[in-house]
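Asker: give me a model of this one.
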Amino acid sequence: MNKNSKFNAAILIIGNEILSGRTQDTNTSTIAKWLNSLGVKVEEVRVIPDVEKTIISSVNLLRKNYNYVFTSGGIGPTHDDITSESISKAFNLSYEKHEEGYKILEAYYKPGEFNDGRQKMIWMPKGAKLILNPTSGAPGFNVENVFVLPGVPSILKSMLGGLKNQIIGGKPIISKTISLRTFESHIADSLTNVQNKFQDVEIGSYPFFQAGKLGVSIVIRSDDPNEIDKCCYDIFDFVKSKNIEIVNRD
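Answerer: Residues are numbered from 1 along each chain as shown. Here you go, the predicted model:
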């Protein structure tokens, strides 16, 4: 495939604990940053409950609209971990024991510890490819362009490295941040002019409150470092003309 092509992805966070606020989602950031480094842009993120029909409809919609779909959560040993079976139904595949996954976990656990609950973690859609887990043994899996990962952030992060060769992306997406001591309203028109000039560069502004003072962080994102540099030059130009203090840049 052409390395200059644009590749996109969606992230599907599955779990009642995220929606209730009991657990904070950090997996979106982890997956998105990793995909950006591979030249894949995350264009949609959804958070859904552990409800079979919702998982099925969401997966089927997203896998048709994006190059890649990454799910997080719901592949553990408990009764409410229904992601694997739901994805089997989304692809109209039988839900069965993965023989290779069984051998991996059988060797991972001490004799007598590989109980029925843990065996549930290697039931997957027929023909699924394993995503190896270097942290806790239990693998994830992928079917076509859907990659199914656990919800525990440290485990999910450890599994991404093994997927690098399976993801085809474009140029890595670069991000630069300029933090200013100002208000959004003070720079809105100037920032709009810069955005209109560099339409292939994504520019966002985000207010912050630090050391008792308000400020705005401008985030510039693109796969072209030259365009980012030109964009930054124009931003610094209006910042200087308005006598705005630069708090930080990276």
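
Asker: now do the strands in this protein.
Answerer: For the chain, applying DSSP state E gives strands covering 7-14, 40-48, 68-72, 95-97, 123-125, 129-131, 140-143, 146-149, 174-181, 202-210, 213-222, 245-249.

Asker: make a markdown table from those and add mean pLDDT, distance to residue 54 and mean neighbour count to it.
Answerer: C-beta here means a position set from N, CA and C on the backbone, and glycine is covered the same way. Output for the strands of the chain, formatted as a markdown table (pLDDT from 0 to 100; distance: least, C-beta to C-beta, whole Å; neighbours: other C-beta atoms under 10 Å):
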| stretch | mean pLDDT | distance to residue 54 | mean neighbour count |
| --- | --- | --- | --- |
| strand 7-14 | 97 | 9 | 23 |
| strand 40-48 | 96 | 5 | 18 |
| strand 68-72 | 98 | 12 | 29 |
| strand 95-97 | 95 | 18 | 13 |
| strand 123-125 | 96 | 18 | 23 |
| strand 129-131 | 96 | 23 | 17 |
| strand 140-143 | 96 | 18 | 23 |
| strand 146-149 | 98 | 15 | 25 |
| strand 174-181 | 94 | 32 | 17 |
| strand 202-210 | 93 | 30 | 13 |
| strand 213-222 | 94 | 31 | 18 |
| strand 245-249 | 89 | 41 | 14 |
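
Asker: now those strands as CSV including distance to residue 106?
Answerer: Formatted as CSV, the strands of the chain follow (distance: least, C-beta to C-beta, whole Å):
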stretch, distance to residue 106
strand 7-14, 27
strand 40-48, 32
strand 68-72, 25
strand 95-97, 11
strand 123-125, 14
strand 129-131, 14
strand 140-143, 17
strand 146-149, 21
strand 174-181, 43
strand 202-210, 47
strand 213-222, 45
strand 245-249, 52
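
Asker: how far off centre is the helix or strand of the chain with the lowest mean pLDDT?
Answerer: Here the helix or strand of the chain ranked lowest by mean pLDDT, DSSP states H and E is helix 116-119, holding a mean of 86. Counting by C-alpha atoms, centre = their mean, to the nearest Å, helix 116-119 is centred 28 Å from the centre of its parent chain.

Asker: can you check stretch 197-211 too?
Answerer: Counting by C-alpha atoms, centre = their mean, stretch 197-211 comes out at 20 Å from the chain centroid.

Asker: for stretch 89-97, same thing?
Answerer: Distance of stretch 89-97 from the chain centroid (C-alpha atoms, centre = their mean) equals 24 Å.

Asker: got the contact list for that stretch?
Answerer: 52, 55-56, 59-60, 63, 84-85, 88, 119, 122-128, 143-144, 146 (C-beta atoms under 8 Å, 6 or more residues apart in numbering).

Asker: can you rerun that using 7 Å?
Answerer: Stretch 89-97 has contacts (C-beta atoms under 7 Å, 6 or more residues apart in numbering) with 56, 59, 60, 85, 88, 122, 123, 125, 126, 127, 143.
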